[in-house]
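Q: 3D model of this:
(chains A, B, C and D)
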2 protein chains.
Amino acid sequence: MSPDEARRRPPTAQQFVLGELRRAITTGRLRPGTPIRQDALAEELQVSRVPLREALKTLEGEGLVTYKPHKGYCVAMLSLDDLREVYRIRELLEEEAVRAAVARLTDDDLHRIEAAQEEVERAAAAGDVAAMATANRTFHMTLFDCAGMPRLARLIRTLWDTTDAYRSMYYGDAGNRERVVKEHRAALDALRRRSADEAVATLNVHRDRAVAELEPLLDA
Amino acid sequence: MSPDEARRRPPTAQQFVLGELRRAITTGRLRPGTPIRQDALAEELQVSRVPLREALKTLEGEGLVTYKPHKGYCVAMLSLDDLREVYRIRELLEEEAVRAAVARLTDDDLHRIEAAQEEVERAAAAGDVAAMATANRTFHMTLFDCAGMPRLARLIRTLWDTTDAYRSMYYGDAGNRERVVKEHRAALDALRRRSADEAVATLNVHRDRAVAELEPLLDA
DNA sequence: TCTCCGTATTTTGGATCCAATATTGAAAAT
DNA sequence: ATTTTCAATATTGGATCCAAAATACGGAGA
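A: Numbers count the residues shown, from 1 in each chain, chains lettered A, B, ... in the order given. Okay, here's the model as predicted:
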């Protein structure tokens, strides 16, 4: 392992495993519904089952995996109802976050969001699905973090995690990527004018488009 | 151990520990801020540290304990800002839940909520703080569950858990208990008339009163 | 007396081993 | 042929043991 990797590697095995599992799920390497064989996964990640199980417990709390006693863990599978419910809850919480954020938004905050958007546009143009997903997330979370409501931001993050497994498929389509870029620009425009109402409205449209695109993917 | 206890005892040690820890925290036996010594706790509960740590991971996800790598777990301590944030989020989510619930409320649902209220009144009259806490929770959660939004209900439950450690103090006061009974009656009245607006309004008042009473307790 | 440093102790993190439960498959009975 | 039962196997749950990190403590130096 390179020194760089060694430096980045988390201080505990469970955190390392947690990161790996999250990536595996969000990138689709572990597909929804897949049962998780602890022994095999532990060996693959070169750790024992103990830290693996603690990481899985964390993911269970976040809703990324499900757990049944004596049966084990599965990558969580979202029903259509689940998807709609998650997005409805996101709508409620994100509106609150955006309003609080706009009320406190500094120029520096705005610059950070703009920087994230530049990254989004770069990834969209390059067709880099993974970079697109992370940059998009940064764009939104940077805004939400400006609300100064850490628990709210954490809840929203968890809700995003829930659908991450499906979002990567979504960015595979060039049309979707282009649309996301445009909608972000509209939101940024509202933010620059410190218009909470417009920001909320544009982001609601943004979210509704996403769920509309995601729904067909879940039928299969 | 009696056969009855044996039957009730969960099928896995981690679930047993989880329940015990939750009780210990909500009843105040484990006070906010206290560090959790895994060895001592494990011995006290007659299990090894493995299931204890998995239970703690679950509680961490729920925000009842905090965790720092190589430092361990502490019973979570709420700042005043945290308290206000939690209650603000609850306001958002519970309004949604109540509106959805009222729209679907059957007579049978209503009977179950009324039954919970009878239990609340019994506990309030008897001055039984623990019974009061659980009955009150049943009253509200029964309503929220009627919304048919399981993820929303789960989120709300988690938010309640966060402040449970403080709520038990709150019911120690007879005046608070009496007020809760009255406010519940008002909410029930609104529910019987299927008035979502009034139900939301009365429950908002109910919640605001609670946070107002809780705030002084957190200063210390 | 105070600070700094190094060692001893405590506490957490992780690996291995064993136990308990669930699943699978094959044989026997209908 | 179908179903049921029981044993073999796979998989999870938990206990013990060891390693690593953090904390506490005591002594040396200023």
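Q: quick one: low-confidence residue ranges for chain A.
A: For chain A, the stretches flagged by pLDDT under 70 are A:1-8, A:220.
Q: show me the contact partners of stretch A:72-85.
A: A:25, A:30-38, A:56, A:59-60, A:63-67, A:86, A:162-163, A:165-166, A:211, A:214-215, A:218-219, B:149-152 (CB atoms under 8 Å, 6 or more residues apart in numbering or on different chains). (C-beta placed from N, C-alpha, C; glycine too.)
Q: are any of those residues buried, and which?
A: Taking 16 or more other CB atoms under 10 Å in any protein chain shown as the criterion, what is buried in the contacts of stretch A:72-85 is A:25, A:30, A:32, A:36, A:56, A:59-60, A:63-67, A:86, A:162-163, A:165-166, A:211, A:214, A:218, B:149, B:151-152.
Q: among the contacts of stretch A:72-85, which ones are in strands?
A: Within these, membership in strands is found for A:Pro35, A:Ile36, A:Val65, A:Thr66, A:Tyr67, as judged by DSSP state E.
Q: tell me which of these is nearest to DNA strand C?
A: Compare each of those with DNA strand C using CB to the nearest atom of the strand and the shortest gap goes to A:Pro35, at 9.7 Å.
Q: leaving out chain neighbours, which residue sits closest to that closest one?
A: Of all residues not flanking A:Pro35 in the chain, A:Cys74 sits nearest, at 5.0 Å (CB to CB, 6 or more residues apart in numbering or on different chains).
Q: is DNA strand D contacted by the host helix or strand of the one you found?
A: Assigning secondary structure by DSSP states H and E places A:Cys74 in strand A:72-75. Yes. Taking CB under 7 Å from any atom of the strand as the criterion, strand A:72-75 and DNA strand D are in contact, through A:Gly72, A:Tyr73.
Q: which bits of chain A sit near DNA strand C?
A: Of all the residues in chain A, those in contact range of DNA strand C (CB under 7 Å from any atom of the strand) are A:Thr12, A:Ala13, A:Gln14, A:Val47, A:Ser48, A:Arg49, A:Val50, A:Pro51, A:Glu54, A:His70, A:Lys71.
Q: dump those residues into CSV; add neighbour count as well.
A: Below are these laid out as CSV (neighbours: other CB atoms under 10 Å in any protein chain shown):
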residue, neighbour count
A:Thr12, 14
A:Ala13, 19
A:Gln14, 22
A:Val47, 17
A:Ser48, 13
A:Arg49, 13
A:Val50, 15
A:Pro51, 18
A:Glu54, 22
A:His70, 6
A:Lys71, 9
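Q: point out the ones among the residues you listed that are inside helices.
A: Assignment to helices by DSSP state H places the following of those there: A:Ala13, A:Gln14, A:Arg49, A:Val50, A:Pro51, A:Glu54.
Q: which ones are touching the closest residue in space to A:Glu54 that isn't next to it in sequence?
A: Closest residue to A:Glu54 apart from its sequence neighbours, by CB to CB, 6+ apart: A:Gln14 at 4.5 Å. A:Gln14 sits next to A:Pro51, A:Leu52, A:Glu54, A:Ala55, A:Thr58 when contact means CB under 8 Å, 6+ apart.
Q: now the residue of chain A found nearest chain B: how far from DNA strand D?
A: Closest to chain B within chain A is A:Gly61: 2.4 Å, counting by CB to the nearest CB. The spacing between A:Gly61 and DNA strand D, counted by CB to the nearest atom of the strand, to the nearest Å, is 15 Å.
Q: again, but for A:Leu80
A: Using CB to the nearest atom of the strand, one obtains 27 Å as the distance from A:Leu80 to DNA strand D.
Q: please apply the same query to A:Leu21.
A: Taking CB to the nearest atom of the strand as the measure, A:Leu21 and DNA strand D are separated by 14 Å.
Q: quickly find the element holding that residue.
A: Short version, using DSSP H and E: A:Leu21 is in helix A:13-26.
Q: can you tell me the closest non-neighbouring residue to the residue of chain A most remote from its centre?
A: Taking CA atoms, centre = their mean, the residue of chain A most remote from its mean C-alpha position is A:His70, at 29.7 Å. Spatially, and ignoring its direct neighbours in sequence, A:His70 is nearest to B:Pro11 (6.9 Å; CB to CB, 6+ apart).
Q: for the helix holding A:Leu21, which positions count as buried?
A: Buried residues in helix A:13-26, counting neighbours by 16+ other CB under 10 Å, are found at A:Ala13, A:Gln14, A:Gln15, A:Phe16, A:Val17, A:Leu18, A:Glu20, A:Leu21, A:Arg22, A:Ala24, A:Ile25, A:Thr26.
Q: show me what from chain A comes close to DNA strand D.
A: A:11, A:35-39, A:49-50, A:53, A:67, A:69-73.
Q: one more time with 6 Å, if that's ok
A: With CB under 6 Å from any atom of the strand as the criterion, chain A comes near DNA strand D at residues A:Ile36, A:Arg37, A:Gln38, A:Asp39, A:Val50, A:Pro69, A:His70, A:Gly72.
Q: could the residues you listed be laid out in a markdown table, adding distance to B:Asp108?
A: Converted to a markdown table, the residues of chain A next to DNA strand D look like this (distance: CB to CB, whole Å):
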| residue | distance to B:Asp108 |
| --- | --- |
| A:Ile36 | 39 |
| A:Arg37 | 43 |
| A:Gln38 | 42 |
| A:Asp39 | 47 |
| A:Val50 | 46 |
| A:Pro69 | 30 |
| A:His70 | 34 |
| A:Gly72 | 36 |
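Q: nearest to B:Val205 among these?
A: Ranking the residues of chain A next to DNA strand D by separation from B:Val205, with CB to CB as the measure, puts A:Pro69 on top at 40.9 Å.
Q: please name the residues that touch the residue lying closest to A:Leu155 once chain neighbours are set aside.
A: Closest residue to A:Leu155 in three dimensions, ignoring its sequence neighbours and counting by CB to CB, 6+ apart: A:Leu93, at 6.0 Å. With contact set as CB under 8 Å, 6+ apart, A:Leu93 has these partners: A:Leu152, A:Leu155, A:Ile156, A:Leu159, B:Ile89, B:Leu92, B:Leu93.
Q: ok, the second one touching B:Ile156?
A: If I follow you right, that is A:Leu155. No. Using CB atoms under 8 Å as the test, A:Leu155 is too far from B:Ile156 to be in contact (11.2 Å).
Q: identify the residues contacting A:Met141.
A: A:Ala153, A:Ile156, A:Arg157, A:Trp160.
Q: can you do 10 Å?
A: Contacts for A:Met141 (CB atoms under 10 Å, 6 or more residues apart in numbering or on different chains) come out as A:Ala97, A:Ile113, A:Ala116, A:Ala153, A:Ile156, A:Arg157, A:Trp160.
Q: in chain A, which residue sits closest to DNA strand D?
A: Among the residues of chain A, A:Gly72 lies nearest to DNA strand D; the distance is 3.1 Å by CB to the nearest atom of the strand.
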